[in-house]
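# sharing a model prediction with you, sequence too.
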Amino acid sequence: MFEYLDREIIVASVLSIFLFGLLRGISNNGTTWYPKILFLFAILLPFVQMYDSYTTASENIQSLKKGVTLKCTLKDNSYRVSTKDGWQVDKEYFIKESFMVRADRCERW
């Protein structure tokens, strides 16, 4: 499941934890609630993002198995993924010959 963790989410979490440290250092009394909520948000954010990506990948895999055509995007290129075109499912990837596309990077055509 950790293959769904994006770098941007890790950076956002680390920055939030750093900001938590700054806010805690700035506040004179340790009873403020916003640093605690910010810290909790920073800890939970990667897990929410991973679950969302995992759910998207599972839905896309089920759609491909039902014969739905998907549009997968990698950087600037888009690919049409369909079982009619020879694409297959391997774990969390769509494979055609030696080309692999992550299942969470696709949407319905």
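Thanks, I have the structure now.

# going by C-alpha atoms from here, please, whenever you check contacts or count neighbours.
Noted.

# hang on, L70 packs against C106?
Yes. Using Cα atoms under 8 Å, L70 is in contact with C106, at 6.2 Å.

# what segments of this structure are strands?
Remark: strands assigned in the chain by DSSP state E are 70-74, 77-81, 88-90, 93-96, 99-102, 106-108.

# nearest to L5, of those strands?
strand 99-102 (12.5 Å; Cα to Cα).

# how many residues are close by V11?
For V11, the neighbour count with other Cα atoms under 10 Å is 13.

# per-residue confidence at it?
Listed pLDDT for V11 reads 81.

# what is the least confident helix or strand in this protein?
Scoring the helices and strands of the chain by mean pLDDT, DSSP states H and E places helix 7-26 at the bottom, with a mean of 75.

# what mean pLDDT does stretch 92-105 get?
What stretch 92-105 shows for mean pLDDT is 93.

# shared neighbours of L70 and C106, anything?
N60 (Cα atoms under 8 Å, 6 or more residues apart in numbering).

# more crowded one of those two?
A side-by-side neighbour count of L70 and C106, using other Cα under 10 Å, places C106 first with 24 against 21.

# perfect, that will be all.
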